[in-house]
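Asks: fold the following, please.
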Amino acid sequence: MADVELVKKMLRAVLQANKGGVSLSRLQSEYKELTGDQIPHKQMGHNNLDALLETMPSVVRMERNRSGEMMCFPSLANETTHIAKVVARQRSSKKTGRPHLVNTQMRVKPAAPLVLNGKCLFTVKTTDISALSVSPRVSSVPVALHSTMGREGGKPGVLAGDTSPKPGGCEPFLIPALFSGRLTPGKGKPYNPQQVQSRIKEVLGKYSNGFWVSKLPQIYRELYKQDLPTEAIKDLETWTHICTVEKTCSSNPSELLLYPAKDKASPTLSSSSSPSPPSSPTPLSPDLKVKLEELLIKYSNGLWAHALPKLFQDTYKTKLPGHVLENLHLLSDFCTIDYPMPDNPKRAILYRRSSSGGGAGEDENCNRRDSTTSEEELKLRQELGRRLSNHAVPSLQIPKEEYPSVLVVEATNTNGVILRYIGEGYSQAQESMEDEMREFYGLNQSSPTPLSAPLSGQLVAVRAEEEEEILRAQVCEVLADKVKVYYVDHGFSEVISKAKVFDLQEKFFKLPFQATKCKLAGLEPFCQDPGVLKKFETMASGRILLAEILERGQIPLVVLYDTSQDDDVNINAACMKALQDKTLASPLQVAYMNVTVSSVCSDGTVYCQLPSRGLAKLNEILEKIETYFHSQVTSEFLVSRPFCGKRCLARYKSKWSRVEITNLHGSRVLDILFIDVGVQASVEVFELREIPPPFLRDLMAIPPQAVKCCLADLAVSVGSWTPEAVQWLREKVLNITDCSMKVAKVDDAKRCIYVHLFTDKNFHDPARSLNHQMAQSDLFKTQPDVFLTSHRSLSGPRGGGGGGGGGGGRGNTTTSTPSETPSSPSSSLNLPPLLELSPPGGNMDVYVSVACHPGHFVLQPWRDMYKLVVLMGEMILYYNKTEEKPLNIEKNQIYAAKVENSWHRVLVKGVLTNGLVSVYELDYGKHELVSCTQLRPLIKEFRQLPFQGITAQLAGVKPRQWSEEASIVFRNHVEKKPLVAQLEAIQEATNPWDRKLTVFLVDTSQEERDIWVHDIMAEFADELTNEL
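Replies: Purely as a prediction, here's the structure:
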């Protein structure tokens, strides 16, 4: 008889790895791949697999997809039950029907691909050595480890790789904060002298009377959360333009004093620094300083120095003085300068220096209900202080995760949407409290008696109307025999009998009020628009959604997503569309003249602008905006907080055009769609502008003017076009304004119109259409299958018929077998330097990007993580602007590859016969299959930073064949988490991707103790051994 619980565990592991669902037929093969055996449904007493799965509702949920295929999903029974309870308990004063239980799967909306998911709020604690759980193998823990794990007064740690203090607590590139301690840098390690000099100059500005050189590393670490390079200490005496080193009378040569430089001579940089600035650069005028600081305030996550001239010109209508970029140190009194690409000192990022004070003591996670309150609530608050006596209710803290689940209660204003947070410490804690209240205020004889004289502003317990629920409430108004109360955990008011009002016991004051408010990003100017509110009511009220928190404060700024459908729905963007005037859209008719083809996509989709009132009005408004911007000298219109779905302006063919932000890659690089021409692009955030308020409502009323079209009656479907066909069509139709077209059919599901396209106004003769010409040509003739050559190379993108499909790829075999020895990369391709590691016994702050089992996982050092984010942003900007060109793809060579929306540095592991390529992401340690059309040469600029992913195995445990259960436990403890790694051994290799580390992993996120992962795995392995 098969072990039922073991089968359930293995099924659960397969399903959790395929949260998007797995077909019933594939479930069997995935299970066998995992366990080596088929699912034993017959041994468990069932004739077929369906019957067995139906007996496991806690493990699997089955449903048919649109094509009728049976799909299996991981069961979320417990979570669904909890969410159903939340919705059921959510009482509404509107009585308009049952609340909607929508988002029970809670699919997490991923952050930008090159940004780590979630914001880490770990701090590093002081740990008693005797309290550490250390195996005998590492019983003598070096002091350095504890310095890495030492807490600094409970202050949140900052990413070790971060190079500068950021204003307002902003984290560079949205990378999570981590450890405040750092490792001892290796001796002789290269560093950026210009950056260190700038920082030391800043330190000396604060300590103008000087200090001991021995104190410099500590001060440097406290200010910048990074260790001072040891080589820099040796170079201090040569930096006479920065500081003065003075020896004391002491016999100890290490006792040196450090003072600010006595003269203001120009720097002479050492090592690999940039060229020296002029001997006497012109100082910045006060007006210029104010303007530059104003720009940096708008871009709190940093601004590339190379963007300054154009941005300055556009904003202030005057040129930036040429000497500023050559002398960035002139900005050091209000700006921190960072050099993320040490090989290129001209690539600097500028951050506005954070000012002291300024309300820094305000808790950004604090979310109080009393902001922008209604008049009724204000009256209630006025008496609250004297009514509550000594009882105080703590403030509600915003969840630490970036995408918390929320239950939307209602909204009469999008600047004050009432909602509740879902999860542990929020809805679950509320449920527990209300269960306790129901028991305490029960209907038995010992239950408390009703309040005889409730007071306005008093917190009370209320037996809700129509239900036997006991809820916390606040008295709003006292009537003759009734009381109007506001349910502080549910967010609405109700008039009830005085007989149902009880004194609230002190033990029920501990939980913060759960009903809170948020503001919907992008809808601020239309917060009370009836159309917007009606759309929001339909799409969001009573539903559980995902909230992306853009700005934390008393009322957080959020973007809401409904993730219950096949595609995530941006609620904010959908509400914005309610402002559109449908009469300004292109009216549907049989034929059109004076058509402009604005874009031809690589898959064959065509975007056209059709004559309409909306298009005429749009062009008129955009002309006015051009004139308006020329007359404005202000930084007011710079976009400082981009988010998905935001509508703004960007340059298209030297003119301002409407765009929608479709994806963010960190805080500086983003993808946009020109909604009126159908063109996608990747840009830097400084290239965007806010829509000026005088034109905002008029522009929002005009629907997008790019109409999606496909050419009808072609044997080749969209997505299978050859590059030659795409290029031929582009040459025929782009930049021609008098095309015509005839509508063949409308596909509402795909929101696409199938048309016959003509380059003149004669649309009556089908033989003159471009469709007919393409069908009669050789443009769509399929190329023969590509067979692998002896050189294991593939010509792309022309090879493999365009490599459009991802289906069926698993059935193909790669060119190599496991027994083959990979060849070394071509000597003509210069590889980046090896990743610098701490010596054995040293410690590193790391992030585990991939974890298969204790014998194989991939680490990324935190030290240079921000540099990787910068690099990937640069790759997106570069490669998204380059055209596809034939490329000879060879195995074991390095390329850039587009995976989803980002470009990665990859190693080609194998080439398939159908145009797909197996690649290994050298910075993240993941294996992917991509089309050969998505590969590009990796240019020299992107081969300077060492590959950031390095393979590792866990120290402190015996190598073994780890079970799937053990692998799942290991993954849950380390994958996608920041940890401390203590190096046990380094296995060097010829190629960077073949190096392997043996490390101990330590989780320092717990307040009470550090968790050594090898202890957990050793204990788990012992339990399995004992069971066997």
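
Asks: from now on I want contacts and neighbour counts done on CA atoms only, so please keep to that.
Replies: Will do.

Asks: in contact with the nearest residue to Pro937 once chain neighbours are set aside, which residues?
Replies: Excluding the flanking residues, the one nearest Pro937 by CA to CA, 6 or more residues apart in numbering is Tyr895, at 5.1 Å. Counting by CA atoms under 8 Å, 6 or more residues apart in numbering, Tyr895 makes contact with 905-908, 935-938.

Asks: apply 10 Å and report the result again.
Replies: 889, 903-908, 919, 921, 934-939 (CA atoms under 10 Å, 6 or more residues apart in numbering).

Asks: which one of those residues has the most neighbours?
Replies: Leu935 (30 neighbours; other CA atoms under 10 Å).

Asks: where does the nearest residue to that residue once chain neighbours are set aside land in three-state SS?
Replies: Leaving aside its chain neighbours, Leu935 sits nearest to Ala897 (4.5 Å; criterion: CA to CA, 6+ apart). Classification of Ala897 using DSSP: H, G, I helix; E, B strand; the rest coil returns strand.

Asks: neighbours around Ala897, how many?
Replies: With other CA under 10 Å as criterion, Ala897 counts 29.

Asks: so it sits right up against Ile889, yeah?
Replies: No. Under the criterion of CA atoms under 10 Å, Ala897 makes no contact with Ile889, lying 11.5 Å away.

Asks: overlap of the contact sets of those two?
Replies: Common contacts of Ala897 and Ile889 (CA under 10 Å, 6+ apart): 908, 917, 932, 935-937.

Asks: of these, closest to Val685?
Replies: Arg936 (24.8 Å; CA to CA).

Asks: how many residues are close by the closest residue to the closest one other than its chain neighbours?
Replies: Once flanking residues are discounted, Arg936 sits nearest to Ala896: 5.1 Å by CA to CA, 6+ apart. Other residues near Ala896 number 23, with proximity taken as other CA under 10 Å.

Asks: C-terminal to the helix or strand Glu434 falls within, what's the next element?
Replies: Per DSSP states H and E: Glu434 is located in helix 427-440. Of the helices and strands lying after helix 427-440 in sequence (DSSP H and E), the nearest is strand 459-463.

Asks: farthest-apart pair in the contacts of Tyr895, please.
Replies: Val919 and Ile939 (17.5 Å).

Asks: which residues touch Tyr754?
Replies: Per CA under 10 Å, 6+ apart, neighbours of Tyr754: 606, 708-713, 741-747.

Asks: then Val558?
Replies: Counted by CA under 10 Å, 6+ apart, Val558 has contacts 403, 518-522, 546-552, 572, 643.

Asks: ok, so what distance separates it from Asn594?
Replies: According to CA to CA, to the nearest Å, Val558 and Asn594 sit 42 Å apart.

Asks: before we move on, the earlier item: would you list the shared contacts of Ala897 and Ile889 in a markdown table and tack on pLDDT?
Replies: Putting these into a markdown table (pLDDT from 0 to 100) gives the following:
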| residue | pLDDT |
| --- | --- |
| Val908 | 94 |
| Val917 | 91 |
| Cys932 | 87 |
| Leu935 | 92 |
| Arg936 | 93 |
| Pro937 | 93 |
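
Asks: among those residues, find me the one that's closest to Thr990.
Replies: Lowest distance from Thr990 to these (CA to CA) belongs to Val908, with 16.9 Å.

Asks: tell me the bridge partners for that closest one.
Replies: Val919 (DSSP bridges).

Asks: that one contacts Lys891, correct?
Replies: Yes. With contacts counted by CA under 10 Å, Val908 reaches Lys891, the gap being 5.1 Å.

Asks: need the overlap of contacts for those two.
Replies: By CA under 10 Å, 6+ apart, the residues touching both Val908 and Lys891 are 917-919.

Asks: nearest spatial neighbour of Tyr487, chain-adjacent residues omitted?
Replies: Nearest to Tyr487 is Ala473, by CA to CA, 6+ apart, at 4.2 Å.

Asks: list the residues that contact the one you found.
Replies: 457-464, 484-494, 501-502, 504, 513.

Asks: one more time with 8 Å
Replies: Per CA under 8 Å, 6+ apart, neighbours of Ala473: 459-462, 485-489.

Asks: how near is it to Ala725?
Replies: 68 Å.

Asks: repeat that for Ala480.
Replies: For Ala480, the distance to Ala725 - CA to CA - is 80 Å.

Asks: could you check which of these two has the larger neighbour count?
Replies: When Ala480 and Ala725 are compared for neighbours, Ala725 comes out ahead with 18 against 7, by other CA under 10 Å.

Asks: ok so, going back, quick one: buried ones out of the contacts of Val558?
Replies: 403, 518-522, 546-550, 552, 572, 643 (16 or more other CA atoms under 10 Å).

Asks: mind putting these in a markdown table, distance to Ala261 included?
Replies: Shown next, in a markdown table, are those (distance: CA to CA, whole Å):
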| residue | distance to Ala261 |
| --- | --- |
| Tyr403 | 49 |
| Cys518 | 51 |
| Lys519 | 50 |
| Leu520 | 51 |
| Ala521 | 48 |
| Gly522 | 49 |
| Leu546 | 54 |
| Ala547 | 51 |
| Glu548 | 48 |
| Ile549 | 45 |
| Leu550 | 43 |
| Arg552 | 41 |
| Asn572 | 54 |
| Phe643 | 45 |
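
Asks: where does Ser564 land in three-state SS?
Replies: Strictly by three-state DSSP, Ser564 counts as coil.

Asks: how many residues are close by it?
Replies: Count around Ser564 with other CA under 10 Å applied: 18.

Asks: now do it, the pLDDT please.
Replies: On the pLDDT scale, Ser564 is placed at 85.

Asks: for Arg543, see how far away it is.
Replies: Distance from Ser564 to Arg543, by CA to CA: 10 Å.

Asks: pLDDT value on Ser254, please?
Replies: For Ser254, the predicted pLDDT is 52.

Asks: out of the shared contacts of Ala897 and Ile889, which sit inside strands?
Replies: 908, 917, 935-937 (DSSP state E).

Asks: chain center to the helix or strand where Asp235 lies, what's the gap?
Replies: For Asp235, the enclosing helix or strand under DSSP H and E is helix 230-235. Offset of helix 230-235 from its chain centre (CA atoms, centre = their mean, to the nearest Å): 37 Å.
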